[in-house]
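next input, structure requested:
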Amino acid sequence: MSKPKQRPAAPDAAVLEPGLVVATYGRHCLVETPEGRRLICHPRGKKNQVVVGDQVLWQIAGDEGSIEKLQARRNLFYRQDEIRTKSFAANLDRVLILIAADPEYSESQLARALVAAEAERITPIIALNKSDLAQPFAQAWERLAPYRAMGYSVVPVSLSPRSPVADDGVAALCEHLTGHTTLVLGPSGSGKSTLINRLVPDAQVETGEISQALNSGKHTTTSTRWYWVPSLDRSEARTALIDSPGFQEFGLHHIEPTRLADCMPDLRRYLGGCKFYNCTHLHEPGCAVLAQVEGEQSAGTISARRHRIYAQLFEELSQQRW
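Numbering: from 1, shown residues only. So this is what the prediction gives:
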């Protein structure tokens, strides 16, 4: 009995390779392979959905690459205002919010960044720069007392090369960053570039190489970039820093107003104890949150400043939905 004829094998499908997005600009992005090779890739489709930190599958397309699939994300750190959404990075372990003692930082902007991190369940760290300026630093440190009481890690640092101090706090800060992927966030002038260059000696060289690769010139300074932090211990998990552009506004329009209190640890601890299940924590009788707000005749565990920020954000997030 003759054997049935076998069908010819189908041609091999294009091989998809894993990669990590380490820089983006416009329709271009830079992807790093597991072996450390980097190449320009273009996402398929009209809209570029990938951000720094994304794990992707890509294939060769001529001299460059084509991103065929975006792997599932653990998280996505972003801000959203009335006009647009700005995604910073994906798959983060930490968000380092770097602020300076002088000029005075915006507590509203700090609170907004913390809320965005809490919404994605990313661990935030606050670093207060310019510890070498005694009086401004002491005042700024005192303003951060409620955040230390909430359990946030608040680290003093001095990143000024012109005023070096014996203990600049960078070693203590690195203890929070080692082995993790951290987005470095903060307003312009807070010291982000100084910190990146301190921890990644070749950062400026690498930035130039990325600019040349993406042919984006000076515009690359406004993009987000991934840096590996050199380590002497090859056995430990690798440490990565993601440098982001400075910002002046931080919209939270992607967060429902009813979810806001859950993203603020000092308020969150009292949720569920209110008289009304739909309490806004603004004026209702029997509110467990309001009962903890400090006042002239009560100490409280929630600072009045923090509750004012909550009230302002709640109103802002409520108005946008009408």
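
what is the burial count for residue 72?
As a burial measure, residue 72 scores 6 neighbours (other CB atoms under 10 Å). The way it works is simple: take the backbone N, C-alpha and C, and place the C-beta from them, glycine included.

quick one: it from residue 286, how far?
Distance of residue 72 to residue 286, computed by CB to CB, to the nearest Å: 42 Å.

for residue 229, same thing?
50 Å.

what number of residues lie near residue 101?
Residue 101, neighbours per other CB under 10 Å, totals 24.

meant to ask about residue 265
15.

out of residue 229 and residue 286, which sits in the busier spot?
residue 229 (19 against 11).

phi and psi next, for the more buried one.
Main-chain torsions, residue 229, degrees, to the nearest 10: phi -90, psi 120.

which strand residues bridge it?
residue 239 (DSSP bridges).

and it, what pLDDT?
Looking at residue 229, its pLDDT reads 95.

quick one, what contacts it?
Residue 229 is in contact with 177, 199-200, 238-241, counting by CB atoms under 8 Å, 6 or more residues apart in numbering.

ok, residue 251 next?
79-82, 112.

out of everything not next to it in sequence, what's closest to residue 271?
Leaving aside its chain neighbours, residue 271 sits nearest to residue 261 (6.0 Å; criterion: CB to CB, 6 or more residues apart in numbering).

so the one you found is in contact with residue 267, correct?
Yes - contact criterion CB atoms under 8 Å: residue 261 and residue 267 qualify, at 4.4 Å.

okay, now the domains of the chain?
17-70, 76-243, 257-319 (automatic domain parsing).

mean confidence for the last one?
It refers to domain 257-319. pLDDT averaged over domain 257-319 gives 95.

for the first one, same thing?
Per-residue pLDDT over domain 17-70 has a mean of 90.

tell me the gap between it and the middle of its chain.
20 Å (CA atoms, centre = their mean, to the nearest Å).

tell me the helix or strand right after the host helix or strand of residue 147.
If you go by DSSP states H and E, residue 147 is part of helix 145-149. Sequence order places strand 153-156 as the next helix or strand after helix 145-149, per DSSP H and E.

what's the next secondary structure element after that next one?
Using DSSP H and E, the helix or strand that follows strand 153-156 in sequence is helix 170-177.

and the helix holding residue 147, C-alpha only, in CSV?
Provided in CSV are the C-alpha atoms of helix 145-149 (Å, rounded to 0.1, in the frame of the first residue of the first chain):
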residue,chain,number,x,y,z
ALA,A,145,6.7,66.3,56.8
PRO,A,146,3.2,65.1,55.8
TYR,A,147,4.7,63.0,53.1
ARG,A,148,7.2,61.3,55.4
ALA,A,149,4.4,60.7,57.8
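
can you list the buried residues in it?
Neighbour counts over helix 145-149 (16 or more other CB atoms under 10 Å) mark 146-147 as buried.

likewise for stretch 127-134?
Neighbour-count burial for stretch 127-134 [16+ other CB under 10 Å]: 127-133.

mind listing the strands for this structure?
Assigned by DSSP state E, the strands in the chain fall at 17-25, 28-32, 38-43, 55-61, 64-70, 76-80, 85-90, 94-100, 123-129, 153-156, 181-185, 225-229, 239-243.
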